[in-house]
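**Student:** Generate coordinates for the sequence data below:
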Amino acid sequence: MIVLCLRVLGYLKTCTSKAITGPVRVYAKHLFDWRRLYNDLVGESCVWDFKDLFLACVSVFGWPETIEQFFGTTHTPLALDTIIKDWNGEPLDEASMMGLLDLFTSPVLQSHIGRKARKTLLMHHAKALADSVEQNKPELMKTRPFIQWLLAKTAHELEAPPERPDGVRMEHFGGLKLDQGAGIHLPIYVPTRHSRKPDWDMFFFRSTPAQRRVVELAVRTAEQIGDYALQAEAMKLLILQSQDPWRLMSALASLQLETQGDKEGYLSTCLSMYLVATDLTAEANLLRDLERPCQGGNMLLFEQCENASLTWAWVMIRILLASSINGDAGSDTTTDSSEEPSPFLARRLHLDGTRLAPYIAEFGRAELGIDISPPMEPLSVDDRIEEPDYSDDQRIAALRRRFARGASEAREASPRANPWPYYTGQESDPLAHGISPSVRVNGWPSTWYEDAQH
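**Tutor:** Numbers count the residues shown, from 1 in each chain. Purely as a prediction, here's the structure:
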């Protein structure tokens, strides 16, 4: 349950306002004694459970905070050495070998860890495990962890798109590249005018034929074992290495829509295809896909998308495509694009900004001239728990103040209201005794509760 909650929080971080996720993130960080929980998982040889928990924590808290929570250090080599020492028994069983291989390669693909030195160190440990699989357990080469190793190795070796000879950089186009969070993502870019859309050359990574063959092999193997999520990830990496990716993008979109039923993934791919739609026929086909109706209803398929950032990009790119198809996008290349009429102003758009990430709302107002309602109100001075100079004790105190106010408001609204329905027995405030829950949590393993008391 805790892994699921952290995954949801990590997802929300990238597609909604920080005012929504910030307080929950701070509370989640202080809810458990993570070190004791790690020791329990080691004692029970639950390497896969630890892998899931560790990666979920990294997606929410970041790499330095996560390793400090589990290992009491922010020094990556020491943290990884601890993992190797604790899990790398002699002889190393298959479950531990593949679990560790997954653990070391996933952060590289998720791009949570930032610094290249960390990725290099992770890949060093992963290579030792992958070599052992090749030499001693070749039948395990057709498994998700090993295929993921192939993808991580290629992703780590890829070179970023080079600078253009004319010196033009991405910021010169004046548009917005969507922040989609961690993981392998195809770029989604919203320009201020259709004619100011950058070429795909500014997005795709340069690679060698050997690197592309490795990813093609990963795509085929993932398909053979029926791991369609991994196949989609491999296809994204292959697209990012392709100079002309339209065919690959179409195949990925078909996989996501027809096989996976991944509506959000399908929308992301379609929005990225805007960058490679270079003629009116391709643009018309793309607009038709973006305005695909729901089955048996009058709504469009993407009208009810939980990802507010993608929904915003969906609205903007549909407007840009329609302006191009209708001849309103300034097809005369001799005209300065800054003089073109904005396709957004004529629409007189009014958008809800309460769920939008602040950087998107600001871009929409300043660069596109869109009326976007203000984001969620910032916390009062007493409740600012994300201030960089706040200590952990100050943040917990702020959480207590917020909880007390919320509980008071709930009692005034309804005498029976309970803002913490999953806590029973004693007082509801889970911070009443420091950072650990003051009462037992229904449905959680008893060891977690007992450990949290110490």
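**Student:** Now the nearest residue to residue 109 once chain neighbours are set aside: which helix or strand?
**Tutor:** The shortest distance from residue 109 to any non-neighbouring residue, by CB to CB, 6 or more residues apart in numbering, is to residue 152 (5.3 Å). Yep, even glycine has a C-beta here, placed from its N, CA and C like the rest. Per DSSP states H and E, residue 152 falls inside helix 144-157.
**Student:** shaky segments in the stretch 51-200 of the chain?
**Tutor:** Per-residue confidence for the stretch 51-200 of the chain (pLDDT under 70) gives these ranges: 89-91, 112-114.
**Student:** quick one: the strands in the protein?
**Tutor:** Remark: strands assigned in the chain by DSSP state E are 176-177, 189-190, 350-351, 371-372.
**Student:** ranking these by burial, who's on top?
**Tutor:** strand 189-190 (a mean of 22; mean count of other CB atoms under 10 Å).
**Student:** re the thing from before, in TSV, list the strands of the chain along with distance to residue 169.
**Tutor:** Below are the strands of the chain laid out as TSV (distance: least, CB to CB, whole Å):
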stretch	distance to residue 169
strand 176-177	12
strand 189-190	14
strand 350-351	29
strand 371-372	27
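**Student:** for stretch 3-13, the distance to its chain's centre please.
**Tutor:** Stretch 3-13 sits 9 Å away from the centroid of its parent chain (CA atoms, centre = their mean, to the nearest Å).
**Student:** same question but for stretch 142-159, I mixed them up
**Tutor:** The answer for stretch 142-159 is 19 Å, by CA atoms, centre = their mean.
**Student:** and it, C-alpha only, in CSV?
**Tutor:** C-alpha atoms of stretch 142-159 as CSV (Å, rounded to 0.1, in the frame of the first residue of the first chain):
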residue,chain,number,x,y,z
LYS,A,142,14.9,-13.2,-21.7
THR,A,143,13.6,-11.5,-18.6
ARG,A,144,12.5,-8.0,-17.8
PRO,A,145,15.5,-7.1,-15.6
PHE,A,146,18.0,-8.2,-18.2
ILE,A,147,16.1,-6.4,-21.1
GLN,A,148,16.0,-3.4,-18.8
TRP,A,149,19.8,-3.6,-18.4
LEU,A,150,20.2,-3.4,-22.2
LEU,A,151,18.0,-0.3,-22.3
ALA,A,152,19.8,1.3,-19.4
LYS,A,153,23.2,0.6,-20.9
THR,A,154,22.2,2.2,-24.2
ALA,A,155,20.5,5.2,-22.5
HIS,A,156,23.6,5.8,-20.4
GLU,A,157,25.8,5.9,-23.6
LEU,A,158,23.6,8.1,-25.7
GLU,A,159,24.9,11.5,-26.6
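**Student:** Tell me which residues are up against the helix holding residue 152.
**Tutor:** Contact with helix 144-157 is made by 98-99, 101-102, 105-106, 108-109, 119-120, 123, 126-127, 129-130, 133, 140, 184, 207, 211, 214-215, 217-218, 221-222, 225, 227, 230, 233-234, 237, as judged by CB atoms under 8 Å, 6 or more residues apart in numbering.
**Student:** Can you tell me which of these are buried?
**Tutor:** Neighbour-count burial (16 or more other CB atoms under 10 Å) is assigned, among the contacts of helix 144-157, to 98-99, 101-102, 105-106, 108-109, 119, 123, 126, 129-130, 133, 140, 184, 207, 211, 214-215, 218, 221-222, 227, 230, 233-234, 237.
**Student:** Name all residues that make contact with the closest residue to residue 363 other than its chain neighbours.
**Tutor:** Spatially, and ignoring its direct neighbours in sequence, residue 363 is nearest to residue 176 (4.7 Å; CB to CB, 6+ apart). Neighbour list for residue 176: 189-190, 359-360, 363, 367 [criterion: CB under 8 Å, 6+ apart].
**Student:** all helices of the stretch 101-250 of the chain, in order?
**Tutor:** Applying DSSP state H, counting those that start in this stretch to the stretch 101-250 of the chain gives helices spanning 116-136, 144-157, 209-224, 228-239, 246-254.
**Student:** Among these, which comes closest to residue 261?
**Tutor:** Among the helices of the stretch 101-250 of the chain, the nearest to residue 261 by CB to CB is helix 228-239 (9.8 Å).
**Student:** Could you report the neighbour count for the nearest residue to residue 317 once chain neighbours are set aside?
**Tutor:** Of all residues not flanking residue 317 in the chain, residue 274 sits nearest, at 5.1 Å (CB to CB, 6+ apart). Residue 274 is flanked by 25 other residues according to other CB atoms under 10 Å.
**Student:** Report pLDDT for residue 274.
**Tutor:** Note for residue 274: predicted pLDDT of 97.
**Student:** Please tell me how far it sits from residue 316.
**Tutor:** 10 Å (CB to CB, to the nearest Å).
**Student:** Find the nearest non-adjacent residue to residue 125, please.
**Tutor:** residue 104 is the one closest to residue 125 (CB to CB, 6+ apart), at 5.0 Å.
**Student:** er, residue 134 actually
**Tutor:** In space, residue 134 is closest to residue 141, 6.7 Å off (CB to CB, 6+ apart).
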